[in-house]
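A.B. asks: fold the following for me, if possible:
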Amino acid sequence: MKFFKSKKLAYVVAAVLTGALAGCSGDDGKDGVDGTDGDHGNSWTPPVVTTSVETNVNVINYAFDEGSITYEFEVTNEDGELITGLLKAEGKVAALTEKGFINNRTESEEDNVNIGGYGGINMESSRTPDTEGATITEISDGHYEFFLPLAGVNAGTEGIVWLRVGGNSTTGIASSTQLVVNKPEGAFSTSTEACYSCHVDYSTSPNRHASYVAQGMDGQVNFVEGCLVCHGSVSRTATNDEDFSIGGYASNTLSKIGHINHQEFETGFSVMNCSSCHVEETVNINIAGPGCIDCHDTGGIPGDILPSNGADLRALHEGKAFITERNTIKDSYKVTGTPLTLDATTNAWCTTMSLIEVAADGTETVADLHSMYDAGTVSYTGSYLHGVYNKSVVGRISNSYAESYEADGSKTMCYDAAAIDPVAWADAGLMASLRVSFTTADGNEDQITTIHGYTDVTNQVDATVADYDRRHAVGNDSCTTCHNSEANFHKNGNFAEGGLGCIACHNNGQDRRAGNSAPGFGPMVHSMHWGVGSVSTDANGDEVSNAASVIAPQTSCVACHDSGVVDLKAVPNQFIKARAFGVSDKMASPITANCYACHQSDSALNHMTQNGGTISEDVVDGWYKLTTQESCATCHAEGSSVGIEKYHNFTR
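C.D. replies: Residues are numbered from 1 along each chain as shown. Predicted structure coming up:
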């Protein structure tokens, strides 16, 4: 028998005892009139109700017996009042077997295989069982015993125990959340935290079964355990020689959902990067067993789980997919460049790029870029010249540059100063973004990974140098949590450093279409995930949303903005270039551009423009030095009456 103490019940008992002892002192006082037996003048009965908007369940205990499980629990409403008249309850047990977790529903009397099970009382849907012999007994107000016959359990059963009560339409008692009453420790290959690194809060998403996200006894999310109750370790389609199901509740196991259904999860996602989900080594190493057979289909009945016992299969998969190699490259090299200097002889701004190899002990040496390029180890070495103003990249010179290699293999690149418009780039400092792209051992162009670097910013007038310090409101791992392949996305850019390398092309000075999304880096990311850029057209002309668009935008902000703070007052009040309604050479105010990327209704845009925002101002010389009239931060900065944190989630 497993036993759980109810915190709320203990509190009620404590409150009653406290009330009974109130006013006690050394002087007992005079004897009063005898009262009714059991009534000492201080007893208090919590109010009792028959309906609820929210139904809370405190599980007192549960017990397995041969062919049954009995739950004991207390039910209260949203105000903590005891609920009487409960008619509906349902329970599930995913038994832990040698093949993992199995709940095969207790399909029918004819089925001679029963493992775990699912049942209930007063079920109102044809899809849910009204189990013969199930009973609900109200022991006292709000205090119930739910007896559920399940042929697949006995006194020695171990597994995931699940409970939900309420929801009967005739009572007005709301359905409770799904509760994981108990779970075996150490039997899971992944965790809620691993899944929520991308999904953030699955219960708020528009995805299937979002309402089935379960909670534990202390109110914590039990996402994996709640899924495994139905999507266990063995598919429902697995049968024995007599054609009886020896599998679980659902055809799709949770491992299949992870291994197969996530194959197209997102651009730059690799299911072979096992460490993304399996933070610790996997439970099973049997290639014929649950989990492995999702990809390595051996046919027949799934085998038993073989404990890993230190055999870490993650390294095998990550090595095969060159993820280990790309991570090693990323950790072993960095790219640096000298500040841009003006060569008076050639009238060119020049920088020298070096590839620095970093040894395990931190020792740094200059690698020979020239030799590596000739050998094919490196497939691309190059740079872009940028204008920088007020921590903002305001443009890029696309003209070609003269290049040469130094004796140590570093590469010098010189840009013609005449290509820099002295009016358009007045007061803009000069910075070069640098990139070196590596091929993997198989030479696959799709598996290239790039190391990015940036020079300091040089003043065009007096050649003074300042640190390159672009404002970047996301974390280093913000993109690679979901885009985990560690390979390039396109055009020698990747998802490292919070996508910082993308800014070489997607910056505030280039009104790129970016999948019909938006200008600049922030608006583009917002739109490509949740706005117009998240929708594409398939071969039939039908609109198709990408994977990220099915993650609720209001709760998933924290996946990128992982610092817990998005300070609108810190956004520089200067224009960014835009392509408004298909027309180039426009300007947008920055907060409006970011918000409109998702909030694209006419009324939303009207609200923004009424408060000084714009997405379609005509470009003028020195546009990046002009201040906008948008006043978004006045009302929507964090801490304000309608601050963005009240409608978007920036904390986990």
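A.B. asks: contacts and neighbour counts: CA atoms only from here.
C.D. replies: Noted.
A.B. asks: which one is R512 nearest to, not counting chain neighbours?
C.D. replies: P519 (6.0 Å; CA to CA, 6 or more residues apart in numbering).
A.B. asks: now swap in I115 and tell me
C.D. replies: G152 (4.2 Å).
A.B. asks: and if you look at A504?
C.D. replies: Nearest to A504 is S433, by CA to CA, 6+ apart, at 6.4 Å.
A.B. asks: that neighbour should be in a helix, yeah?
C.D. replies: No: counting by DSSP: H, G, I helix; E, B strand; the rest coil, S433 falls outside a helix, being strand.
A.B. asks: so which strand or helix has Q554?
C.D. replies: helix 553-556 (DSSP states H and E).
A.B. asks: any idea how far that helix is from the chain center?
C.D. replies: Averaging C-alpha positions (CA atoms, centre = their mean, to the nearest Å) puts helix 553-556 10 Å from its chain's average.
A.B. asks: and stretch 125-142, by the same measure?
C.D. replies: Relative to its chain's centre, stretch 125-142 lies at 37 Å (CA atoms, centre = their mean).
A.B. asks: what does stretch 356-368 give?
C.D. replies: Put simply, stretch 356-368 sits 34 Å off its chain's centre (CA atoms, centre = their mean).
A.B. asks: buried set for it?
C.D. replies: 356-358, 366-368 (16 or more other CA atoms under 10 Å).
A.B. asks: can I get these in CSV with secondary structure and pLDDT?
C.D. replies: Output for the buried residues of stretch 356-368, formatted as CSV (DSSP: H, G, I helix; E, B strand; the rest coil; pLDDT from 0 to 100):
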residue, secondary structure, pLDDT
I356, strand, 98
E357, strand, 97
V358, strand, 96
V366, strand, 97
A367, strand, 97
D368, coil, 97
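A.B. asks: let me know the closest of those residues to G453.
C.D. replies: I356 (10.8 Å; CA to CA).
A.B. asks: contacting residues for the closest one?
C.D. replies: Neighbouring residues of I356 by CA atoms under 8 Å, 6 or more residues apart in numbering: 333-336, 364-367.
A.B. asks: which residue, other than its chain neighbours, is closest to it?
C.D. replies: Leaving aside its chain neighbours, I356 sits nearest to V366 (4.7 Å; criterion: CA to CA, 6+ apart).
A.B. asks: pLDDT at the closest residue to T76 other than its chain neighbours, what is it?
C.D. replies: What sits nearest to T76 in space, not counting adjacent residues and going by CA to CA, 6+ apart, is L82, at 4.4 Å. We have a pLDDT of 97 for L82.
A.B. asks: K411 versus I173, what's the distance?
C.D. replies: According to CA to CA, to the nearest Å, I173 stands 73 Å off from K411.
A.B. asks: let me fix that: S308
C.D. replies: 48 Å.
A.B. asks: so the two - more neighbours on which side?
C.D. replies: Remark: of S308 and K411, K411 carries more neighbours, 21 against 14, as counted by other CA atoms under 10 Å.
A.B. asks: what sits against the more buried one?
C.D. replies: When contacts are counted by CA under 8 Å, 6+ apart, K411 touches 352-354, 369-370, 403-405.
A.B. asks: still on that earlier bit, closest to C230 among the buried residues of stretch 356-368?
C.D. replies: C230 lies nearest to V358 out of the buried residues of stretch 356-368, by CA to CA, at 48.3 Å.
A.B. asks: what distance do you get for the closest one to A407?
C.D. replies: Distance of V358 to A407, given as CA to CA: 20 Å.
A.B. asks: N649 sits in which helix or strand?
C.D. replies: Per DSSP H and E: N649 is located in neither a helix nor a strand.
A.B. asks: assign a three-state SS to the residue nearest the centre of the chain, would you?
C.D. replies: In the chain, the centroid-proximal residue (CA atoms, centre = their mean) is C198; its distance is 1.9 Å. For C198, the assignment made with three-state DSSP gives helix.
A.B. asks: got the contact list for the residue nearest to T76?
C.D. replies: Taking CA under 8 Å, 6+ apart as the test, what L82 contacts is 46-49, 74-76, 141-142.
A.B. asks: identify the bridge partners of it.
C.D. replies: Residues in a beta bridge with L82, per DSSP bridges, are V48, T76.
A.B. asks: list the contacts of the closest residue to Q178 other than its chain neighbours.
C.D. replies: Nearest non-adjacent residue to Q178, counting by CA to CA, 6+ apart: A214, 4.7 Å away. A214 is in contact with 177-180, 221-223, 225-226, counting by CA under 8 Å, 6+ apart.
A.B. asks: swap in C595?
C.D. replies: Listed by CA under 8 Å, 6+ apart, the contact partners of C595 are P523.
A.B. asks: any idea of the pLDDT on it?
C.D. replies: pLDDT, read off for C595, is 93.
A.B. asks: N649 now?
C.D. replies: At N649, pLDDT is 88.
A.B. asks: how close does it sit to P519?
C.D. replies: Separation of N649 from P519 (CA to CA): 24 Å.
A.B. asks: residues contacting V53?
C.D. replies: V53 is in contact with 77-78, 173-174, counting by CA under 8 Å, 6+ apart.
A.B. asks: next: A419.
C.D. replies: Contacts of A419 by CA under 8 Å, 6+ apart are 397, 399.
A.B. asks: next: T131.
C.D. replies: So T131 contacts 119-121, 148-149 (CA under 8 Å, 6+ apart).
A.B. asks: show me where this structure has its helices.
C.D. replies: Along the chain, counting by DSSP state H, helices occupy 7-21, 192-199, 223-228, 254-259, 313-320, 323-332, 369-375, 496-499, 521-530, 553-556, 590-596, 602-610, 632-636.
A.B. asks: so which of those gets nearest I136?
C.D. replies: Using CA to CA and comparing the helices of the chain, the one that lies nearest I136 is helix 7-21, at 19.5 Å.
A.B. asks: circling back to that earlier point, isn't the residue nearest to the centre of the chain right next to C479, touching?
C.D. replies: No: in this structure C198 lies outside contact range of C479 using CA atoms under 8 Å: 9.8 Å.
A.B. asks: just checking, F101 touches R236?
C.D. replies: No: the criterion here is CA under 8 Å, and F101 misses it with R236 at 11.9 Å.
A.B. asks: which neighbours do these two share?
C.D. replies: G248.
A.B. asks: okay, the two: which has more neighbours?
C.D. replies: Neighbour count, other CA under 10 Å: between F101 and R236, F101 has more, with 30 against 23.
A.B. asks: quickly list what that one is bridged to.
C.D. replies: Beta-bridge partners, per DSSP bridges, of F101: L96.
A.B. asks: what do you get for G395?
C.D. replies: G387.
A.B. asks: so what's it up against?
C.D. replies: The contact partners of G395, by CA under 8 Å, 6+ apart, come to 386-388, 507-510.
A.B. asks: which residues does the nearest residue to D331 once chain neighbours are set aside contact?
C.D. replies: The shortest distance from D331 to any non-neighbouring residue, by CA to CA, 6+ apart, is to V358 (7.8 Å). By CA under 8 Å, 6+ apart, the contact set of V358 is 331-334, 364-365.
A.B. asks: kindly recompute the last result at 7 Å.
C.D. replies: 332-333, 364-365 (CA atoms under 7 Å, 6 or more residues apart in numbering).
A.B. asks: kindly report the same for F575.
C.D. replies: Applying CA under 7 Å, 6+ apart, we find F575 in contact with 587-590, 623-624, 626-628.
A.B. asks: what's the closest non-adjacent residue to it?
C.D. replies: S589 (4.9 Å).
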